[in-house]
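> Please work out how this folds:
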Amino acid sequence: MTEWQDPDEGTSFADPVVAWAVYSDGEARAIDTDSSGEAVLLAPSLKNRRTYHPGQILDTPMPSEKSPGTSKENG
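Numbers count the residues shown, from 1 in each chain. Below is the predicted model of the structure:
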């Protein structure tokens, strides 16, 4: 799945990853699709989007959020 947040509205959206584009330099980019079936090659990760396995713990923070379990002393 790929999930992103609209920073203006504060809403979250999630679409399934249907394929991966793997480049000769080792970069891999997800291809997702929406309810209309339109497939999109996602740009390199942004701070308001994450890609994860559906079985992953749902409380995993977005890249722009602070990781759980951190404190002021250790970041």
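> quick one: what helix or strand has Arg29 in it?
Per DSSP states H and E: Arg29 is located in strand 28-33.
> Next SSE downstream of that strand?
strand 39-41.
> Report the beta-bridge partners for the most centrally placed residue in the chain.
Closest residue to the average C-alpha location of the chain: Arg50 at 1.6 Å, with CA atoms, centre = their mean. Beta-bridge partners recorded for Arg50 (DSSP bridges): Glu3.
> Please apply the same query to Ala39.
Thr33.
> now the residue nearest to the centre of the chain: how far from Gly26?
20 Å (CB to CB, to the nearest Å). The way it works is simple: take the backbone N, C-alpha and C, and place the C-beta from them, glycine included.
> just His53 next, same as before
Distance, His53 to Gly26, using CB to CB: 20 Å.
> With Gly37 instead?
29 Å.
> mean confidence score for stretch 1-21?
Stretch 1-21 comes out with an average pLDDT of 85.
> Identify the residues contacting Glu3.
Ser12, Phe13, Ala14, Arg49, Arg50, Thr51, Tyr52, Met62 (CB atoms under 8 Å, 6 or more residues apart in numbering).
> Now for the second one: which residues touch it?
Listed by CB under 8 Å, 6+ apart, the contact partners of Phe13 are Glu3, Trp4, Gln5, Asp6.
> give me the beta-bridge partners of it?
Beta-bridge partners, per DSSP bridges, of Phe13: Trp4.
> pretty sure Phe7 contacts Asn48?
Not quite, residue 7 is Pro, not Phe. Yes. Using CB atoms under 8 Å, Pro7 makes contact with Asn48 at a distance of 5.9 Å.
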